[in-house]
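Trainee: Got a predicted structure here, sequence first:
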Amino acid sequence: MNYTGCAKERLASTVTKGADRTWNDPMGRITLQISRWTKRDMFGAGSRGEERSLCPPADADVVTSLLPDGRHAPVLDLDLPHRLVPSTTQGHSHLYLDVPMSWRRYKRLLKALAKAGILEQGYVAVSLYRQHTAVWMPWVQKAGGHQE
């Protein structure tokens, strides 16, 4: 990736970075340095006054959902209670969002996640039929025929 134009000087009032700047992202998400921003910009009200530039991860303030080929790999700021529990299938996990909602609202969420390719269509179809989602308990080993 070409990082020309990466800001050399930063405003002291932006963000304080910790000492450990190790970043491993197998998707290669684009990272940016923000040399000037306002609180309004930060919360999505527009980019007026914002100055962003591509830079290597060690110099970045933010990691984006944008991939070098123009597609996106979701990056979500979950400002709610949640847990990510590893599955017995290596590299898989179960996300628990501790946010009560109606079945109607939950159905919309499930359908949107399936449409986006985040959840498997079959899992969502069965969940809609059962009127709930379900995942294996962390100590349960799935038998040969079960897929996750």
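Mentor: Great, that's in hand.
Trainee: can we go C-alpha only for contacts and neighbour counts from here?
Mentor: Fine.
Trainee: For the closest residue in space to Gly28 that isn't next to it in sequence, which residues are in contact?
Mentor: In this structure, Gly28 finds its nearest non-sequential neighbour in Leu67, 6.4 Å apart by C-alpha to C-alpha, 6 or more residues apart in numbering. Neighbour list for Leu67: 27-30, 73 [criterion: C-alpha atoms under 8 Å, 6 or more residues apart in numbering].
Trainee: And these, which of them are buried?
Mentor: Neighbour counting by 16 or more other C-alpha atoms under 10 Å classes 28-30 among the contacts of Leu67 as buried.
Trainee: that older thread, any chance of CSV for the contacts of Leu67, columns secondary structure and distance to Gln131?
Mentor: Shown next, in CSV, are these (DSSP: H, G, I helix; E, B strand; the rest coil; distance: C-alpha to C-alpha, whole Å):
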residue, secondary structure, distance to Gln131
Met27, coil, 34
Gly28, coil, 37
Arg29, coil, 36
Ile30, coil, 38
Ala73, coil, 29
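Trainee: farthest pair in these?
Mentor: Largest separation among the contacts of Leu67 by C-alpha to C-alpha: Ile30 and Ala73, giving 10.2 Å.
Trainee: quick check, nearest of the buried ones among the contacts of Leu67 to His132?
Mentor: Nearest to His132 among those, counting by C-alpha to C-alpha, is Arg29 at 33.4 Å.
Trainee: ok, Gln33 to Ser93 distance?
Mentor: From Gln33 over to Ser93 the distance is 31 Å, taken as C-alpha to C-alpha, to the nearest Å.
Trainee: Of those two, which one has the most company?
Mentor: Under the criterion of other C-alpha atoms under 10 Å, the comparison of Gln33 against Ser93 puts Gln33 first, with 22 against 16.
Trainee: What backbone torsions are found at the closest residue to Ser87 other than its chain neighbours?
Mentor: Closest residue to Ser87 in three dimensions, ignoring its sequence neighbours and counting by C-alpha to C-alpha, 6+ apart: Ser93, at 4.5 Å. Note on Ser93: its backbone torsions stand at phi -160, psi 170 [degrees, to the nearest 10].
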